[in-house]
Structure formats: structure tokens, C-alpha cells
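J.: Starting from these lines, generate the structure:
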Amino acid sequence: MPVRVRTAHGPAPEGECVIDIRIETFTAIRVARIRHIGPAMDAGPCFERLFKWAATVGAETGRILTLSYDNPGTVEPEHRRSDACVELRTDVLPPPGIAMGFVGAGRYAVYRHRGASEGMADPYRRLFTGWLPQSGEAIDDRPCMEIDRNMRRDTSPEHRVTDLCVPLREAPPG
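T.: Numbering: from 1, shown residues only. Sure, this is the predicted structure:
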């Protein structure tokens, strides 16, 4: 089925698949992060460690992010690199294995995914194979970013909201 993007430019013609994309420019987000190697579904202990450390130093947490570095079409799940990130501010030095830094600054194509994490592969595929080639945009070398908008232990998977963010090069002046 052909992919047609509905953005600020108007609705898609009848009979075409629609994916709502918006272009956003993010400022840098200060995070604590842990590198994870392996299937993304196995990164839970990394997030637990980040939240536990934040609580021990009294740092208030904000957004939950995942940075993805590898193409799932070419890298086997057990070798995929990602960073589990939690937004927070603290001057306390992190323990070994946790790094502090800034992520996310720049332009992104953003798709709001509603539902379980297991359902994110199709929107990503449509972003890369449908939207990107016809958009006039070019992908940047920063990692893809997933921003969890409501991921709490009491949120059931079907009610989760995650922004899938594909990094874009800066727009040419004009």
C-alpha cells in the first residue's frame, strides 16, 4: 500500500495509507544514560538502575528516552546498541556505567505512536521507506530517539504513547 504523509500540507488522497509526521526542533535534553547492547525489550534493568540512582541522590526525573544507533534491518538484535536515558538534573557524579550528558538537540521527523513497544517497527519502517524518500528531507547521523510520553509502571502497554523521532539534517537557509 502506498504511504502518503499527512502533515501541515494537507490530507492524503483516498485509499492511501496515512502516517502523521511533524517536524520539530528539540533543544538539548540533559540525561543520565546507560548503554545497552541487545534487544531493546531487554533494556528494562538499565532504566531501573537509572531511576534507583536518581532517587538515591534526590534528583527529580523527567522524560524517559531511548536512543537507537543501529539499523534493525542490518544488525542482529543481540548486537544492537541503544542508550537508556532519563532526563534529570544533578551535580552528583554518577557511578561507573552511568554517564551524564546532553542528547536530542536538532531537527526531527516525529511520529506519535500509541500502543505497545512491539508495535513500533511498522511506523519506523514507514518513516524510513515511505516518508523520508518523498519528503525532501535527509537523515542526520544522530541516533533515532524514542520519547516515552506516559510510560509508568501503571500504564498498560496498549495505552502507552511514544514519540518516534528520526534525526534530520538542518534545513537549508531559504
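
J.: By mean pLDDT, flag the weakest helix or strand of the protein.
T.: Scoring the helices and strands of the chain by mean pLDDT, DSSP states H and E places strand 3-6 at the bottom, with a mean of 40.

J.: Low-confidence ranges, the protein, go.
T.: Low-confidence segments of the chain, defined by pLDDT under 70: 1-18, 151-154, 172-174.

J.: Can you name the residues that contact the residue nearest the centre of it?
T.: Central residue of the chain (Cα atoms, centre = their mean): Glu146, 1.5 Å from the mean position. Going by Cβ atoms under 8 Å, 6 or more residues apart in numbering, Glu146 touches Leu65, Thr66, Ser68, Met120, Thr162, Asp163, Leu164, Cys165. For every residue, glycine as well, the C-beta is placed using N, CA and C.

J.: With adjacent residues omitted, what lies nearest to the second one?
T.: Closest residue in space to Thr66, ignoring its immediate chain neighbours: Glu146 at 4.4 Å, by Cβ to Cβ, 6 or more residues apart in numbering.

J.: Need the phi and psi values for Glu60.
T.: phi -70, psi 130 (degrees, to the nearest 10).

J.: Does it touch Arg89 like I think?
T.: Yes. With contact defined as Cβ atoms under 8 Å, Glu60 counts as touching Arg89 (7.4 Å).

J.: Noted, bye for now.
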